[in-house]
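Peer 1: Give the three-dimensional model of this entry:
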Amino acid sequence: MSHKQARQNALQQWVSEVLQCPITLTRCAGDAGFRCYYAMSAAPTLLAVDAPPATENTAQFVAVAKLLRNAGVVVPDIHAADAQQGFMLVQNLGQQEFGGALNSDNALTLYGEALFTLLAIAQAPADTASLPLFDQAFMARELALFNDWFVGPLLGLTLSATEQTMLEATFEQLIARALQQPQVVMHRDYHSRNLLIKADASLGVIDFQDAVIGPLTYDAVSLLRDCYVRLPAAAVRRWALAYGDMAIDAGIMPAIAAADYLQDFDWMGLQRHIKVLGIFARLHLRDGKSSYLKDLPRVMAYVQEVAACYPGLQEFAAWFAARITPACKTQPWYQPQAAYDITVRGLT
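Peer 2: Predicted structure coming up:
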């Protein structure tokens, strides 16, 4: 019997004991992590979760769920949890992903709801005693994934000492800018696949267990420059500025010039997207999850477009265009990107 099958059998026995009835598990669609979700016909309002203790922190999942629920965010209720085994029974919020529900007619409404929910997350009371700090070392580890998995193993490129120095200087700029922002509760993966539209049309939030204390704009740029859905540039700018105004009104960000705020937003997104190139490459090469390769060109486009807009990033932008883009164009997963994936009616 495989380890995976043994885990599933143990989970099924645990759930049967908790619910005091025999159940059969049906595997749900997976995500980028190591958690496995299972539906049960005997308890359709619940999901069984296998979160292997070697890679997943069940106690932190439960703690963050409580933190966000107390802040008014719709997250799954925890029916039962065994942190030692890594098993949970959680509320089933449904299968309607935000991205799957999006169309040109409802985009204004859905993104408005997502930004109000995000503001509630940012206002949640927490500190480094309960959540890790998204600090200089944390961001540096994330950015290192770009070379460790994307540039080297996926593209087959070896960087010179000069190129390494340039990359390190670029990363230092991005990190310094991020650390100057207001630090708030940060979901760290707030995008269209981690938001669910419930049957009552309310917005549910999942995959929040990696929450940290970090820069205000991180989650906003994760949503508005989503790795899976590309919005028109005018919509991104409008909603980014709207979220900044909301944060000022809520007292979690001081008044700031629009240009400075947009640079914070852009540079934070650049940090995230450089990291994501490494993560998607790792998911393919290490974990056998190759479906993320098709999203790499979209993420690359974000990197290229933002870097090209700022004088301080011109050396990186030129290097990316000269070294990275040509290597990507030889890859079977590369496809040119359209300006956006979805139109937004009512946007002026």
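Peer 1: From now on I want contacts and neighbour counts done on CA atoms only, so please keep to that.
Peer 2: Will do.
Peer 1: And the strands in this structure?
Peer 2: Secondary structure of the chain (DSSP state E): strands at 25-27, 36-40, 46-50, 78-82, 87-91, 183-186, 195-197, 203-205, 212-215.
Peer 1: quick one, the fourth one and strand 87-91 angle?
Peer 2: For strand 78-82 against strand 87-91, the angle by axes from the mean of the first three to the mean of the last three CA atoms, to 10 degrees is 180 degrees.
Peer 1: Off-centre distance for strand 78-82?
Peer 2: Centroid displacement of strand 78-82 relative to its chain, using CA atoms, centre = their mean, to the nearest Å, is 24 Å.
Peer 1: and the direction of it versus that of strand 46-50, what angle?
Peer 2: Using the same axes, to 10 degrees: strand 78-82 against strand 46-50 is 20 degrees.
Peer 1: For the stretch 201-348 of the chain, give me the ranges with low pLDDT.
Peer 2: 348 (pLDDT under 70).
Peer 1: Could you do the stretch 1-150 of the chain as well?
Peer 2: If you take pLDDT under 70 as the line, the stretch 1-150 of the chain has these spans: 1, 30-33.
Peer 1: 50 instead, please
Peer 2: Applying pLDDT under 50 to the stretch 1-150 of the chain picks out no residues at all.
Peer 1: where do the helices sit along it?
Peer 2: 3-19, 58-70, 98-101, 107-122, 136-145 (DSSP state H, counting those that start in this stretch).
Peer 1: Just put those in a markdown table and tack on distance to Asp249 and mean neighbour count.
Peer 2: Output for the helices of the stretch 1-150 of the chain, formatted as a markdown table (distance: least, CA to CA, whole Å; neighbours: other CA atoms under 10 Å):
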| stretch | distance to Asp249 | mean neighbour count |
| --- | --- | --- |
| helix 3-19 | 45 | 15 |
| helix 58-70 | 21 | 19 |
| helix 98-101 | 26 | 17 |
| helix 107-122 | 11 | 19 |
| helix 136-145 | 28 | 16 |
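Peer 1: on that earlier part again, looking at the strands of the chain, which is closest to Tyr334?
Peer 2: strand 195-197 (27.2 Å; CA to CA).
Peer 1: Contacts for that closest one, please.
Peer 2: Contacts to strand 195-197, defined as CA atoms under 8 Å, 6 or more residues apart in numbering, come from residues Leu93, Gly94, Gln95, Gln96, Glu97, Phe98, Ala101, Leu203, Gly204, Val205, Ile206.
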